[in-house]
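> Sequence first, predicted coordinates after that:
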Amino acid sequence: MSAKARTPRLAMIAMLISAVAGCAGATAPTSRPGTPAPSGPATGASQGVDGIGSTPATGGGSSGDACSLLTADDISAVTGYAISKATPTSPDMVFPSGCEWELDAPNEVVPPSIVLGIQRSGGKAYFESYFKPFASDEGNQPVADLGDAAIDVGFGAVVVLKGDTLFNLQYIGQDKHQVELARTLLAHL
């Protein structure tokens, strides 16, 4: 296998390892990206597990905060689960920003989670060089009508390009929610 063929696999592995290893405590946003975060419980927001809002309130997370790109309501609407914890992840070589959401699923042997890595500039060139040439290789499947281009790379993960923003979203659980979660996230970009 050539070095060029190994590069996307190595990048994906590095991203997944750093996303899981770079965990620290945080809470999930309850509002939309691009507006200031509320300093306390917002008026009109209902509270979910551990004070995580289940209804978006007025205001919201920073557009640079990956955890603000999916709200507790967004995640619950798609997966049926509440968020038990949201954790910003450490930057890696591909995705300088990320988030991991752990979901509250007491009846599951392994609680599901969502892992996001996002590159807000330079994503188009990276996608064109390292993902597009391998869009149909080794089980990868192009995904129609998702961003400007998208590839299901297996293992519950989808890589999506919109404009110059590139993100990898992985749903780790029994169901396959990655494409619907990616559609929801795209609405917030």
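Great, that's in hand.

> can you give me the strands for the chain?
Taking DSSP state E to define them, one finds strands in the chain at 82-89, 97-104, 113-119, 141-142, 149-154, 157-162, 165-172.

> Which of the helices and strands in this protein ranks last by mean pLDDT?
Within the chain, no helix or strand scores below helix 3-21, which has a mean of 39 by mean pLDDT, DSSP states H and E.

> quick one on the thing from earlier: let me have the strands of the chain in a markdown table, adding mean pLDDT and distance to residue 125 as columns.
(C-beta placed from N, C-alpha, C; glycine too.) Supplementary listing: the strands of the chain in a markdown table, determined by pLDDT from 0 to 100; distance: least, CB to CB, whole Å:
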| stretch | mean pLDDT | distance to residue 125 |
| --- | --- | --- |
| strand 82-89 | 95 | 23 |
| strand 97-104 | 96 | 18 |
| strand 113-119 | 97 | 10 |
| strand 141-142 | 92 | 19 |
| strand 149-154 | 94 | 13 |
| strand 157-162 | 97 | 10 |
| strand 165-172 | 97 | 9 |
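
> As a markdown table, these with mean neighbour count and distance to residue 74 would be great.
Output for those, formatted as a markdown table (neighbours: other CB atoms under 10 Å; distance: least, CB to CB, whole Å):
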| stretch | mean neighbour count | distance to residue 74 |
| --- | --- | --- |
| strand 82-89 | 21 | 10 |
| strand 97-104 | 22 | 10 |
| strand 113-119 | 24 | 10 |
| strand 141-142 | 12 | 24 |
| strand 149-154 | 21 | 18 |
| strand 157-162 | 24 | 15 |
| strand 165-172 | 24 | 12 |
